[in-house]
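1. 3D, please:
(4 chains)
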Number of protein chains: 4
Amino acid sequence: MLKSRIKYRVIYGDTDNMGYAYNANYLRWFEMGRGEMFRNLGLTYKTIEEKGYFMPLSEVQCKFLFPAKYDDILVIETTLDATFKGGMRFTYRVLDEEEKTVLASGISKHAFVNKDRKIVRPPGFVVDVIKKGLAGI
Amino acid sequence: MLKSRIKYRVIYGDTDNMGYAYNANYLRWFEMGRGEMFRNLGLTYKTIEEKGYFMPLSEVQCKFLFPAKYDDILVIETTLDATFKGGMRFTYRVLDEEEKTVLASGISKHAFVNKDRKIVRPPGFVVDVIKKGLAGI
Amino acid sequence: MLKSRIKYRVIYGDTDNMGYAYNANYLRWFEMGRGEMFRNLGLTYKTIEEKGYFMPLSEVQCKFLFPAKYDDILVIETTLDATFKGGMRFTYRVLDEEEKTVLASGISKHAFVNKDRKIVRPPGFVVDVIKKGLAGI
Amino acid sequence: MLKSRIKYRVIYGDTDNMGYAYNANYLRWFEMGRGEMFRNLGLTYKTIEEKGYFMPLSEVQCKFLFPAKYDDILVIETTLDATFKGGMRFTYRVLDEEEKTVLASGISKHAFVNKDRKIVRPPGFVVDVIKKGLAGI
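-> Alright, predicted model coming up:
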């Protein structure tokens, strides 16, 4: 429920002069991961925005353990940290296709802001969805 | 007046597995080029948006002649096609730092849309600025 | 055989200030499209590189008809132009998920270069695969 | 000596649906920052690669305090952590043009690898340049 998996195939545009996927792309993959996480919860980030909320990153961390390379199929595993208060916190693992090797791991923290870009408490409809996810409903 | 130059240094994140700057980046550089073109005309694209207009691309073309590589300083030369009606058309040349070799050339066409994303005629304040640019004022 | 389809969901990182997918991303999607085209032919671009060949773009064109937006699922349809000589030429259509609306269309042309980055004729193993594709084998 | 500044103007391609610069771009700006840091030391990262070394990221962190927006001129301040052993560690601050507000701060850690992509100790010519930088030579 509070864990999701999504696949992504590394394109040429992701690679760099060294033959590795460039570091900034992992933050795009983290985004793919948490987008899928929301969908698993029965909510899309698009819906959150349509209801007048945004979730900008307040912090991101990534550890790079093994390089991802061109044409690799990656598995991005995202876990919602249900203990985190005041916003949302996700943990990520980027794995190889066989899910044997962790290529990278990381976290992101997000605040909720309203249409005026003021920080607000997590809206009720998001809290409810998480509670249901935790309860396995 | 209707021609501008701006420099950009290729970063690692622009490069690819082949050791060349990846093709999609040229469209970012074209954007840098026309942003500078607007500034040369005494107008910024930001101002155009603040006045309620957007200029999405309707078409882009790029010919790649010689590769740009990591740490290369590029000169992006942009020319406004003053003969184009109904929107804006720019031509671009991406040159090496010494401006001896054309690495790539291209064009982009843009429509004007208003806040409702409806296509509109070029707004008067943009037309005026171009006329002044043509007149060398 | 010489036509392929692949899906891609627009992420937040693809969007821009206007709420549309930024133009440069279409070139990344064209790459996804032709990567899938190669896989359909029983060949991967990775294999082409492993055999010592690269296929840099010599030209790209894109017409933008309707905007792609955040969370849209796109269908990228790629067709190999079997009449093109001396390299490879692909045509692309980016469609909405229902494949009712063409959001963008374009072409790309590619040269073959060897490890020394010298332009060479299309290697036999690529020509063979295309011939088989054309013959419907 | 062990601190550098470089400017970057946010382009439309950096922005997102929310009107902010997308998070992954900060990692590109960190790269611009450390590239300038190396140049200040009298060394370019390109030279390091030409001598057979690469410096992939092993870790990156970024805190986002205030959003960067379209057309903002950013100042990326990079400091080399001279106390870090076994690789290199940089700290970054992304400031507004007037350098009054810190928009983001972060760190990156890098290993040295050789042409075979094996982790090695920092090469002597890099260590020397840092020592000279520290000594203010």
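
2. now stretch A:51-69, how far from the centre of its chain.
-> In this view, stretch A:51-69 has its centroid 6 Å away from the chain centroid, taken as Cα atoms, centre = their mean, to the nearest Å.

3. Quick one: neighbours of A:Gly86, just the number.
-> Neighbour count of A:Gly86, defined by other Cβ atoms under 10 Å in any protein chain shown: 12. For the C-beta atoms, the positions are set from N, CA and C on the backbone; glycine is no exception.

4. Check A:Asp72 too.
-> Neighbour count of A:Asp72, defined by other Cβ under 10 Å: 18.

5. Likewise for A:Val120?
-> A:Val120, neighbours per other Cβ under 10 Å, totals 14.

6. Would you mind naming the residues that bridge with it?
-> A:Phe112 (DSSP bridges).

7. Contact partners for it?
-> Neighbouring residues of A:Val120 by Cβ atoms under 8 Å, 6 or more residues apart in numbering or on different chains: A:Tyr53, A:Phe112, A:Val113, A:Asn114.

8. Please, a ChimeraX command that selects the buried ones among these?
-> With 16 or more other Cβ atoms under 10 Å in any protein chain shown as the criterion, this ChimeraX line picks the buried residues out of these:
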select /A:53,112,113
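
9. mind showing which ranges of chain A have poor pLDDT?
-> Residues of chain A meeting the criterion pLDDT under 70: A:1.

10. now the strands for it?
-> Assignment of strands within chain A using DSSP state E yields the ranges A:3-9, A:57-64, A:73-80, A:88-96, A:102-110, A:112-113, A:119-120.

11. how about CSV for those, with distance to B:Ile6 added?
-> CSV is the format used below for those (distance: least, Cβ to Cβ, whole Å):
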stretch, distance to B:Ile6
strand A:3-9, 33
strand A:57-64, 29
strand A:73-80, 36
strand A:88-96, 36
strand A:102-110, 33
strand A:112-113, 33
strand A:119-120, 36
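
12. looking at those strands, which is closest to C:Leu2?
-> strand A:3-9 (21.0 Å; Cβ to Cβ).

13. residues of the closest one that come out buried?
-> Applying a neighbour-count criterion of 16+ other Cβ under 10 Å, the buried positions in strand A:3-9 are A:Ser4, A:Ile6, A:Tyr8, A:Arg9.

14. Check which helices and strands the helix ranked longest in chain A is in contact with.
-> Ordering each helix of chain A by length in residues (DSSP state H) puts helix A:25-40 first. Packing partners of helix A:25-40 (3 or more Cβ pairs under 8 Å, 6 or more residues apart in numbering or on different chains; DSSP states H and E): strand A:3-9, helix A:45-50, strand A:57-64, strand A:73-80, strand A:88-96, strand A:102-110.

15. Kindly calculate the angle that the first one makes with strand A:73-80.
-> This points to strand A:3-9. Here strand A:3-9 points in a direction 160 degrees away from that of strand A:73-80 (axes from the mean of the first three to the mean of the last three Cα atoms, to 10 degrees).

16. Repeat that for the last one.
-> With the same axes, to 10 degrees applied, the angle from strand A:102-110 to strand A:73-80 works out at 40 degrees.

17. helices or strands next to strand A:102-110 in the packing?
-> Secondary elements touching strand A:102-110 (3+ Cβ pairs under 8 Å, 6+ apart): helix A:25-40, strand A:57-64, strand A:88-96.

18. which of the ones you listed sits most buried?
-> With neighbours defined as mean count of other Cβ atoms under 10 Å in any protein chain shown, these peak in mean count at helix A:25-40, which reaches a mean of 23.

19. can you give me the angle that helix makes with strand A:102-110?
-> Orientation of helix A:25-40 against strand A:102-110 (the same axes, to 10 degrees) gives an angle of 70 degrees.

20. TSV for the contacts of A:Val120, including distance to B:Arg93?
-> Output for the contacts of A:Val120, formatted as TSV (distance: Cβ to Cβ, whole Å):
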residue	distance to B:Arg93
A:Tyr53	44
A:Phe112	46
A:Val113	42
A:Asn114	45
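
21. what about the spatially most central residue of chain A, distance to C:Phe84?
-> The centroid of chain A falls nearest to A:Arg34 when counting by Cα atoms, centre = their mean (2.9 Å). Look at A:Arg34 and C:Phe84: by Cβ to Cβ, to the nearest Å, they are 42 Å apart.

22. Can you tell me the closest non-neighbouring residue to the residue sitting furthest away from the middle of chain A?
-> The outermost residue of chain A relative to its centre, with distances by Cα atoms, centre = their mean, is A:Asn17 at 26.5 Å. Of all residues not flanking A:Asn17 in the chain, B:Thr15 sits nearest, at 4.0 Å (Cβ to Cβ, 6 or more residues apart in numbering or on different chains).

23. swap in A:Asn25?
-> Distances taken as Cβ to Cβ, 6+ apart place A:Asp14 nearest to A:Asn25, at 4.7 Å, with adjacent residues excluded.

24. Surely the one you found and A:Tyr20 touch.
-> No - with contact defined as Cβ atoms under 8 Å, A:Asp14 does not count as touching A:Tyr20 (9.2 Å).

25. Quickly list what's touching both of these two.
-> A:Ala68.

26. More neighbours: these two, which one.
-> A:Asp14 (27 against 22).

27. mind checking how far that one is from A:Arg28?
-> 8 Å.

28. what do you get for A:Arg34?
-> According to Cβ to Cβ, A:Arg34 stands 11 Å off from A:Arg28.

29. Ok, A:Ser105 next?
-> With Cβ to Cβ as the criterion, A:Ser105 and A:Arg28 are 16 Å apart.

30. Show me which residues of chain A sit near chain C.
-> With the criterion set to Cβ under 8 Å from any Cβ of the partner chain, chain A comes near chain C through A:9, A:11-13, A:27-28, A:31-32, A:35, A:44-46, A:49, A:70-71.

31. Now flag whichever of the residues you listed is closest to chain D.
-> Within those, the smallest distance to chain D is 3.9 Å, found for A:Leu27 (Cβ to the nearest Cβ).

32. so the closest one makes contact with A:Val60?
-> Yes - A:Leu27 is within contact range of A:Val60, at 6.1 Å (criterion: Cβ under 8 Å).

33. count of neighbours near A:Leu2?
-> Neighbours of A:Leu2 (other Cβ under 10 Å): 16.

34. dump the residue contacts of the nearest residue to it once chain neighbours are set aside.
-> Spatial nearest neighbour of A:Leu2, excluding adjacent residues (Cβ to Cβ, 6+ apart): A:Leu80 at 4.3 Å. With Cβ under 8 Å, 6+ apart as the criterion, the residues that contact A:Leu80 are A:Leu2, A:Lys3, A:Met37, A:Leu41, A:Met88, A:Arg89, A:Phe90, A:Ile130, A:Gly133.

35. Fine by me, we can end here.
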